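**Q** Sequence and predicted structure are below.
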Amino acid sequence: MNILLLGEEGAENAFWLPHDIQEVFWGTLAFLIVAALLWKFAKEPGANYFKNRTAGIEETLDKARSEREAAEATRDEIKSALAGSDSEAARIVEDARSAADALTAEIAVRAGDDVDLARERAEIDLAAARGQMNADLSGELSRLSFGAAEKVVESSLDGDSQQRLIDSYISQVGGRN
């Protein structure tokens, strides 16, 4: 031990070398041996590891790329379906509006036809009522005129003369209306 202590005590090397040059030598030799052993025995497994890792990463990237493309295709399909549904909704609304307009026009025509038909029926009923009123009035006038004429001329007219007088009076009254 004294020898080592003496060697270490007085020995001084340059600022970048340790005190003992043998330590540098043996440390360098050990490093080179370990490096050579690693090169010989660990190079191929290390290269295979990195190659497999690179292949795995590329495979993951390819899978992610294909999934992204599929997702983008699905997104595009959904967008086109949404655009199609918007145009379909607009078409349905437009069809409903045109159907409502057509129905409104048809209802207006039907209402006009119903009004015309009701007016015609009212005119027919009015004409029938006038005819019935004229017939009733003629009958009543005949009865009254017959009664009046009978009182005035009670004995001077025979049956045929009375009938001619009544018919003449009815013709006069009918001509005024």
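**A** That came in fine, so what should we check first?

**Q** packing partners for the longest helix anywhere in the chain?
**A** In the chain, taking DSSP state H as the definition, the longest helix is helix 43-152. Under the contact definition 3 or more C-beta pairs under 8 Å, 6 or more residues apart in numbering; DSSP states H and E, helix 43-152 sits against helix 159-176. C-beta coordinates here come from the backbone N, C-alpha and C atoms, glycine included.

**Q** What are the buried residues along the helix it packs on?
**A** Within helix 159-176, the residues scored as buried using 16 or more other C-beta atoms under 10 Å are 166, 169-170.

**Q** any idea of the mean pLDDT in the longest helix of the chain?
**A** Helix 43-152 comes out with an average pLDDT of 87.

**Q** Go through the buried residues of helix 159-176 and say which is closest to Ala118.
**A** Ile170 (34.2 Å; C-beta to C-beta).

**Q** Quick check: closest non-adjacent residue to that closest one.
**A** Ser138 (5.5 Å; C-beta to C-beta, 6 or more residues apart in numbering).

**Q** returning to what we had before: figure out how far the longest helix of the chain is from the centre of its chain.
**A** Here the centre of helix 43-152 is set off from its chain's centre by 14 Å, with C-alpha atoms, centre = their mean, to the nearest Å.

**Q** angle of it against helix 159-176?
**A** Orientation check (axes from the mean of the first three to the mean of the last three C-alpha atoms, to 10 degrees): helix 43-152 against helix 159-176 gives 140 degrees.

**Q** From Gly56, how far off is the residue sitting nearest the centre point of the chain?
**A** The centroid of the chain falls nearest to Ala89 when counting by C-alpha atoms, centre = their mean (3.3 Å). Taking C-beta to C-beta, to the nearest Å as the measure, Ala89 falls 48 Å from Gly56.

**Q** cool, Met133 as well?
**A** Counting by C-beta to C-beta, the gap from Met133 to Gly56 is 111 Å.

**Q** what's the answer for Asp86, then?
**A** With C-beta to C-beta as the criterion, Asp86 and Gly56 are 44 Å apart.

**Q** Now render the buried residues of helix 159-176 as a markdown table, adding pLDDT and distance to Phe41.
**A** Listed next are the buried residues of helix 159-176 as a markdown table, based on pLDDT from 0 to 100; distance: C-beta to C-beta, whole Å:
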| residue | pLDDT | distance to Phe41 |
| --- | --- | --- |
| Ile166 | 79 | 153 |
| Tyr169 | 80 | 152 |
| Ile170 | 81 | 147 |
